[in-house]
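Trainee: sequence and predicted model, in that order:
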Amino acid sequence: MGELTDHHLAIFRQNLEPFVSFTEQEWTIFAEHLYLRQLKKRDLFIASGQVCDEIAFIVSGSFRLYFIKEGTEISNYFCFEQELISSYVSFLRREPSPINIEAMEDAVLVCLSHTSQQQLLHHPAMAFKMEQFGRKVAEYLICCYEDRIFSFVTQTPEERYRQLLQKQPLFLQRVPQHYLANYLGITPVSLSRIRKRMQTAAISKKRVALL
C-alpha cells in the first residue's frame, strides 16, 4: 500500500469529470475515503469466486479481465491508464465475481471500497453525488460490455483487430500476442497471419502511391 498523493488525486478528479463534478467541499469528503493500491505484474485485483470490494481508477499500468472455461483462460477485456476497473456486478450485489482481473504490468490504482461507498451514500452532503457517480459508472461499464458483444456478433476477427488498432494503437503494443489472440477469439498463428496480411497490403498500397 503506497501513499496517496495530491498528484494521484488530481489525475483521478480530472478523469471523474465525465461521471460527476464535485464541489471543493464534496471532494474533500470524497477524497478522505480514497486510498492507493499498488500491484505487481500478474497480481490479481480480484479473483473469481471472491466478492469484489473495490472500484479502482488506473493511474498507471494495464489489466486483463478473464474467466476460466474448462481449464482454459478466456480473455474478455483489457483496461489501461485513466480507466475504471471493477467486477461491478459482484461489487453491487455482494456476490462472487465470475471474472479474474490481473495486472499485465506493475500498476498503481486509486481505490474506493464498498464500505466507503455505502457510507458516502448515506452522508447528507454526498448522497446525491454518489448516486450519480454509481449510475454513471454502471453506464460506462455497460457500454463497454455492449461494444464487446456487438463486435463479436457483427465483425470478423480481422475487423475487430483493425478497430482495436484504430482506437488503441499504443495500448495494443503492451498486450502479449497470446492474450490478444485469445481476446479476438482466434489462435496466435491466425493473429500472425492477419498482421502479415495487413502489412503486405500496406506495403502494396505505398508502392501504388509512389507510381
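Mentor: Arrived safely, thanks for sending.
Trainee: what average pLDDT does stretch 180-200 get?
Mentor: Confidence over stretch 180-200 (mean pLDDT, whole number) is 89.
Trainee: apologies, that question was intended for stretch 48-65.
Mentor: Mean predicted confidence for stretch 48-65 is 95.
Trainee: so what are the domain limits for this protein?
Mentor: For the chain, the structural domains run 6-154, 156-211, going by automatic domain parsing.
Trainee: hey, least reliable of these by pLDDT?
Mentor: Taking the mean pLDDT of the domains of the chain, domain 156-211 comes last: a mean of 84.
Trainee: so which elements touch the helix or strand containing Gln166?
Mentor: Assessed by DSSP states H and E, Gln166 sits inside helix 157-167. Contact partners of helix 157-167 among helices and strands, from 3 or more Cβ pairs under 8 Å, 6 or more residues apart in numbering; DSSP states H and E: helix 127-154, helix 177-184, helix 188-210. Quick note: C-beta positions are derived from backbone N, CA and C, even for glycine.
Trainee: now do the SS call for Gln82.
Mentor: coil (DSSP: H, G, I helix; E, B strand; the rest coil).
Trainee: and for it, the neighbour number?
Mentor: Look at Gln82: counted by other Cβ atoms under 10 Å, it has 13 neighbours.
Trainee: cool, Ala56 as well?
Mentor: Neighbours of Ala56 (other Cβ under 10 Å): 27.
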